[in-house]
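Novice: need coordinates for the below:
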Amino acid sequence: MATIEDLKATISKKGGLARANRFNVIFTPPKQSLLNLNPETIISSAISGNFSARNLINDPRDINVLCSSISIPGRQISTLDYQAEKQTIKIPYGELHDDVTCTFLLTNDYYMKTVFDSWVGSIVDMDQYTVAYKRDITTDVIIQQLDEQNTPIYGVRLEGAFPTTIADIELSNDSENVVQSLSVSFSYDKYVPEGALSSTGSAIRSALSVFG
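Specialist: Next up, the predicted model:
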């Protein structure tokens, strides 16, 4: 039977234990440009006294900073029951992907809400009753586990991701000291595990996509 010393030695050999609060989330919404020239956002920020020249720049790092929680999604193998000679056995034939849900902090300019409002609006046009081509409304979402030095140690790239559920935002007189947040669920086409180097490369490509 393993002892506590064996456990400590193994943890030390593997570089320590992974921490749940050490993570990165990196993605660039489709068609998001470097400049944020939305007149409603600019005027609203000016009226509230929160306007800054920095608000005119869509910094890809803002999304990561405002993401308060996310899960590395699970994976499930689809199987068929096959009747063998003496017993029923399971035969794999495919893979199922769990949707992934992110929670974002909402700032006083409702930045993350407007990001997803714009994204969802590009998917379904309720004025014209049309739906966009899938290739035009998806992006890759990179989720990274970091070590205590904030270096990626494991990553997952969710290819062809797009938001499918934007949760409601509750407003209440009883929530005076509650910080607002927004939960968003993504569906995606493919789950790609990545090592430290390949995940870093994916993150850089995603960040650079805002430059076109």
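Novice: thought Tyr93 was touching Asp81?
Specialist: No. At 11.1 Å, Tyr93 does not count as touching Asp81 under the criterion of C-beta atoms under 8 Å. In this view, the C-beta of every residue, glycine as well, is placed from N, C-alpha and C.
Novice: direction included, what does the lengthiest strand in the chain pair up with?
Specialist: Longest strand of the chain, by residue count under DSSP state E: strand 152-166. Here strand 152-166 has these sheet partners by DSSP bridges: strand 139-146 (antiparallel), strand 181-187 (antiparallel), strand 190-194 (antiparallel).
Novice: most tightly surrounded among those?
Specialist: strand 139-146 (a mean of 22; mean count of other C-beta atoms under 10 Å).
Novice: now find how far off-centre that one is within its chain.
Specialist: 7 Å (C-alpha atoms, centre = their mean, to the nearest Å).
Novice: got it, and stretch 77-89?
Specialist: Centre to centre, stretch against its chain (C-alpha atoms, centre = their mean), the figure for stretch 77-89 is 36 Å.
Novice: measure it end to end?
Specialist: Taking C-alpha to C-alpha, to the nearest Å, stretch 77-89 runs 14 Å from one end to the other.
Novice: also stretch 136-152?
Specialist: End-to-end distance for stretch 136-152: 29 Å, by C-alpha to C-alpha.
Novice: got it, and stretch 180-191?
Specialist: First-to-last residue span, stretch 180-191, C-alpha to C-alpha: 30 Å.
Novice: buried ones in the longest strand of the chain?
Specialist: The neighbour-count check on strand 152-166 (16 or more other C-beta atoms under 10 Å) flags Pro152, Tyr154, Gly155, Val156, Arg157, Leu158, Gly160, Ala161, Phe162, Pro163 as buried.
Novice: closest to Thr130 among these?
Specialist: When the buried residues of strand 152-166 are compared for distance to Thr130 (C-beta to C-beta), Phe162 wins out at 16.0 Å.
Novice: for the closest one, list the residues it contacts.
Specialist: Contact analysis of Phe162 by C-beta atoms under 8 Å, 6 or more residues apart in numbering lists Trp119, Ile123, Lys134, Ile137, Thr138, Thr139, Phe186, Ser187, Tyr188.
Novice: that one bridge partners, please.
Specialist: Ser187.
Novice: now the contacts of Phe162 in CSV, with pLDDT and distance to Asp59?
Specialist: As requested, these are exported to CSV (pLDDT from 0 to 100; distance: C-beta to C-beta, whole Å):
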residue, pLDDT, distance to Asp59
Trp119, 93, 17
Ile123, 92, 24
Lys134, 93, 27
Ile137, 93, 22
Thr138, 95, 22
Thr139, 94, 16
Phe186, 97, 21
Ser187, 96, 26
Tyr188, 96, 24
